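>>> turn this into a structure:
(one chain, ligands or ions: 1)
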Amino acid sequence: MSGKVYIVGAGPGKKDLLTLKALEVIKKADVILYDDLIGEVAEFLKETNAELINVGKRRGAHKFEQEEINRMLLEYAKAGKIVVRLKGGDPFVFGRGGEEVEFLKKNGIEFEYVPGISSAIAVPGKVGIPVTHRKYDPAVVFITGQESRERMNWEALAKLNATIVVLMGLSNIEMICKNLIDHGKDPETPVAVIEKGYSDEEKLVVGKLCDIAEKVALERISPPAIIVIGRVVELIANNSKI
Ligand SMILES: C[S@@+](CC[C@H](N)C(=O)[O-])C[C@H]1O[C@@H](n2cnc3c(N)ncnc32)[C@H](O)[C@@H]1O
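Below you'll find the model as predicted:
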């Protein structure tokens, strides 16, 4: 009999921000394939009897290709195991959870999605930035900073009255800000960059669309980091100068 795969979100890295459902499936798993960005949740894994496999993929130091991960999910499930595929934040927010679900469906493997709190919302919130606020823009857009120039509609993004939350954008921050300014977004728009949210190394830099790239370089901000572009940044909890 074939097993089951749980596609699970670990949340933003704090143990107490893991869902009860996620903890329940972690406890009963036979195998856990986990990513790097799971923070303190790793401590729960050590308390289980499950086989633990770190399939974390870092840019430039790929440990496992997606095809290899898919193959492992399939093999373990076919062997009748309860498999947890644990990912940082939410699996369906720039987490390749969708691709894995597609693969499992195609191969007739039973699966279940267990949501996690996405860093896209929680990390800005942690430093006092609600991604929406009634006083400001009526929309929020989540984008990847790794998308090609051609596929991203910068003109629409620049014109939309929305908070823009960028994941995986640090290495392209200059290009992202330039594209938005070139397409008409106000260069004075407030921007916040939060590095390693919810960890002891958390760092926050605030600025404007026209100067944030320079500030980020000066402060030596490194990934993972979230970029928040929009007036909601004015609500920041501390007194950081924009
Ligand atoms: C591959 S995406 C995964 C996102 C994840 N599925 C989620 O919902 O949070 C990785 C990106 O998420 C963001 N990220 C994840 N955890 C973060 C954290 N603790 N602090 C800052 N950014 C984080 C960064 O932009 C990072 O490059």
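>>> where does the closest residue to the ligand within the chain fall, phi/psi-wise?
In the chain, the residue that lies nearest the ligand is Gly89 (2.0 Å; C-beta to the nearest ligand atom). In short, each C-beta sits where N, CA and C put it, glycine included. Per-residue torsions, Gly89: phi 60, psi -130 (degrees, to the nearest 10).
>>> separation between it and Glu147?
Distance of Gly89 to Glu147, computed by C-beta to C-beta, to the nearest Å: 18 Å.
>>> more neighbours: the two, which one.
More crowded of Gly89 and Glu147, by other C-beta atoms under 10 Å: Gly89, with 27 against 13.
>>> if we can go back for a sec, and the residue of the chain closest to the ligand, what is it in contact with?
Gly9, Ala10, Gly11, Pro12, Leu37, Gly95, Gly116, Ile117, Ser118, Ser119, Ala120, Ala122 (C-beta atoms under 8 Å, 6 or more residues apart in numbering).
>>> what does the chain put close to the ligand?
12-13, 37, 87-90, 93-95, 118-120, 123, 167-168, 194, 196-198, 223-226 (C-beta under 6 Å from any ligand atom).
>>> which parts of this protein are strands?
Applying DSSP state E to the chain gives strands spanning 4-9, 31-34, 51-54, 82-87, 110-114, 140-144, 163-167, 190-195, 203-208, 225-229.
>>> the fourth one: which residues count as buried?
What that stands for is strand 82-87. By neighbour count on 16 or more other C-beta atoms under 10 Å, the buried set for strand 82-87 is Ile82, Val83, Val84, Arg85, Leu86, Lys87.
>>> what of the fifth one?
Within strand 110-114, the residues that qualify as buried by neighbour count (16+ other C-beta under 10 Å) are Phe111, Tyr113, Val114.
>>> helices or strands up against that strand?
Identification of packing neighbours for strand 110-114 by 3 or more C-beta pairs under 8 Å, 6 or more residues apart in numbering; DSSP states H and E yields strand 4-9, helix 20-28, helix 97-106.
>>> and what of the first one?
Taking 3+ C-beta pairs under 8 Å, 6+ apart as the contact definition, the neighbouring helices and strands of strand 4-9 are helix 20-28, helix 66-78, strand 82-87, helix 97-106, strand 110-114.
>>> tell me what angle the second one forms with helix 97-106.
Translated: helix 66-78. 50 degrees (axes from the mean of the first three to the mean of the last three C-alpha atoms, to 10 degrees).
>>> could you dump helix 66-78 to CSV, C-alpha only?
The C-alpha trace of helix 66-78 is given here as CSV (Å, rounded to 0.1, in the frame of the first residue of the first chain):
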residue,chain,number,x,y,z
GLN,A,66,13.9,19.4,-7.7
GLU,A,67,13.8,16.2,-9.8
GLU,A,68,15.8,14.3,-7.1
ILE,A,69,13.4,15.6,-4.4
ASN,A,70,10.4,14.5,-6.5
ARG,A,71,12.0,11.1,-7.0
MET,A,72,12.5,10.7,-3.2
LEU,A,73,9.0,11.7,-2.4
LEU,A,74,7.7,9.1,-4.9
GLU,A,75,10.0,6.3,-3.6
TYR,A,76,9.3,6.8,0.0
ALA,A,77,5.5,7.1,-0.6
LYS,A,78,5.5,4.0,-2.7
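>>> could you give the angle of that helix to strand 82-87?
Relative orientation of helix 66-78 and strand 82-87, computed by the same axes, to 10 degrees: 150 degrees.
>>> domain map for the chain?
Following automatic domain parsing, the chain resolves into domains at 4-117, 120-235.
>>> as JSON lines, those with mean pLDDT would be great.
Compiled in JSON lines, the domains of the chain are given as follows (pLDDT from 0 to 100):
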{"stretch": "domain 4-117", "mean pLDDT": "94"}
{"stretch": "domain 120-235", "mean pLDDT": "96"}
